[in-house]
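> quick one, structure for this:
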Amino acid sequence: MKIRKPMLHLAAMAAVAATLLAMPAVTTAQKAYRPASHRAMSVKPLDINTATEAELRAVPGIGSVYAKRIVASRPYTSKDQLVSKGVLPQGVYDKVNGYLVAHRGSKTKR
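Numbers count the residues shown, from 1 in each chain. Model prediction:
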């Protein structure tokens, strides 16, 4: 009778191992998936001095309120001014700064 217990444990561990081996692995490409609209944004950063509210809302993390604040606080000499002027909180800025640029000398408001 003492042999049965270890055999049951081995059988259970084998079943778990078989289940884990049968599961599909998550690849790096799947982890880094972003919708096409977001991938396009990373190719060409958006100028915060000239972008429309609609263009700004397309950036993940920027909604209509932040887009209006960005437009209303123009012009910017650097994108860091989004935080220093109080337009965006630091956490939001950290998420969106890769999508944005501020070309110096741009004073155009849309």
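> all contacts plus neighbour counts: C-alpha atoms, from now on.
Will do.
> tell me where the model's unsure across this structure.
Scanning the chain for pLDDT under 70 picks out the ranges 1-5, 20, 23-43, 105-110.
> which parts of it are helices?
Ranges of helices in the chain, per DSSP state H, are 4-22, 28-31, 36-43, 53-57, 64-72, 81-84, 90-96.
> looking at the ones you listed, which is nearest to His103?
Smallest distance to His103 across the helices of the chain (C-alpha to C-alpha): 12.3 Å, for helix 81-84.
> buried sites along the closest one?
81-82 (16 or more other C-alpha atoms under 10 Å).
> which residues does that helix contact?
70, 76, 88-90, 93 (C-alpha atoms under 8 Å, 6 or more residues apart in numbering).
> make a markdown table out of those and add neighbour count and distance to Tyr99.
Compiled in a markdown table, these are given as follows (neighbours: other C-alpha atoms under 10 Å; distance: C-alpha to C-alpha, whole Å):
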| residue | neighbour count | distance to Tyr99 |
| --- | --- | --- |
| Ile70 | 25 | 14 |
| Tyr76 | 22 | 15 |
| Leu88 | 20 | 14 |
| Pro89 | 13 | 16 |
| Gln90 | 13 | 15 |
| Tyr93 | 19 | 10 |
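> which one of those residues is nearest Ala102?
Distance to Ala102, by C-alpha to C-alpha, is smallest for Tyr76 among the contacts of helix 81-84, at 6.3 Å.
> quick one: contacts for that closest one?
By C-alpha under 8 Å, 6+ apart, the residues touching Tyr76 are 48-49, 82, 102-104, 106.
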